[in-house]
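[1] Mind looking at a prediction? Sequence and model below.
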Amino acid sequence: MNIAVLIKMVPDTESRLEIIDGKVKEDGFKYMVNPYDEFAVEQAVQFKETVGGKVTLVSLFSDNASIDTDLRKMMAIGADETIVLRQQEYSGNKPSSNARILSETVKELNADLIMCGVQGIDYYQAATGPMIAHFLGVPHVSGVTNLELSGDKLTASRQIEGGLQIIETPTPVLITCQKDMAKVRFPALKDIMMSKRKPFDNRDVGSESGEDVQTTECSLPPARGGGVILEGESPEEKVDKLIEKLKMEAKVL
């Protein structure tokens, strides 16, 4: 089975977030693999170990070489090769143009299965995966929590309000993965060393022209106000005052 896994690099959760003039300042960000994409890599490697084939990682990012180490870690899990599309004006909040560029590379791979995380933890748009499926002309199943392979058919489970939806689909298909899909393994030292010998292809790509989803402004949430300390001689008296405030001021009772 030929599997392509799309990897988005997102700001490390420990990076300092600053917004200046309605735009996120990204100069000091450190980047890491989007956690949802890690589940996709693990599931893809499990399929390869079961039925054979190849797992190719595809990532679109700037010319920042600091991401190479984290991508190598994904290869240590069991992926066979990596293709990094280097774009000078890359931005993670352009799902349409990013999807067009990624789909062209995925099309070359002739993949039976395309996998990625349900969304990036930077902009939470959950749009790029389904858009890639559209550009490739293949079906997609989003937010999958369990995926089983039987012959050339896949059975996907996804959480819906009040229940569980089971979907059967032939390949090729694009799957976006939720956090409960698989437990990501820790690679052994020998696998980390072997990952340095695997193909790592850097390709320069231009910016995609045309309309895209536009982020008009970013802002931090408003600062939280101070709390109120209720005075009273006993716990019962404090509870009475709290109930009174909930009735008269908050009007929630």
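    Looks like it came in fine.
[2] what ranges do the strands span in this protein?
    2-7, 9-11, 18-20, 23-25, 31-33, 54-61, 81-86, 113-117, 140-150, 153-160, 163-170, 173-177, 200-204 (DSSP state E).
[3] Thr216: which of the ones you listed is closest?
    strand 23-25 (10.3 Å; Cβ to Cβ). For glycine as for every other residue, the C-beta is placed from the backbone atoms N, C-alpha and C.
[4] contacts for the closest one?
    Leu17, Glu18, Ile19, Cys218 (Cβ atoms under 8 Å, 6 or more residues apart in numbering).
[5] residues in contact with the closest residue to Val173 other than its chain neighbours?
    Excluding the flanking residues, the one nearest Val173 by Cβ to Cβ, 6 or more residues apart in numbering is Pro139, at 5.2 Å. Shown in contact with Pro139 (Cβ under 8 Å, 6+ apart): Ala133, Thr169, Val173, Leu174.
[6] What's the per-residue pLDDT of the first one here?
    What the model reports as pLDDT for Ala133 is 98.
[7] Leaving out sequence neighbours, find the closest residue to it.
    Using Cβ to Cβ, 6+ apart and skipping residues adjacent in sequence, the residue nearest Ala133 is His140, 3.6 Å away.
[8] and the residue nearest to Val51 when sequence neighbours are not counted, what is it in contact with?
    Once flanking residues are discounted, Val51 sits nearest to Met1: 5.4 Å by Cβ to Cβ, 6+ apart. When the contact criterion is Cβ under 8 Å, 6+ apart, the partners of Met1 are Phe47, Lys48, Val51, Gly52, Gly53, Asp112, Leu113, Leu149, Thr171.
[9] repeat that with 10 Å
    44, 47-48, 50-55, 111-113, 149, 152, 171 (Cβ atoms under 10 Å, 6 or more residues apart in numbering).
[10] Give me the domain ranges for the chain.
    Split into domains by automatic domain parsing, the chain comes to 2-204, 225-253.
[11] Tell me the span between the first and last residue of the shortest one.
    Read that as domain 225-253. 22 Å (Cα to Cα, to the nearest Å).
[12] How far does that domain sit from its chain's centre?
    Offset of domain 225-253 from its chain centre (Cα atoms, centre = their mean, to the nearest Å): 43 Å.
[13] buried ones in it?
    By neighbour count on 16 or more other Cβ atoms under 10 Å, the buried set for domain 225-253 is empty.
[14] just to revisit the earlier point, how near is the residue nearest to Ala133 to Leu6?
    12 Å (Cβ to Cβ, to the nearest Å).
[15] Comparing those two, which residue is more hemmed in?
    Leu6 (28 against 19; other Cβ atoms under 10 Å).
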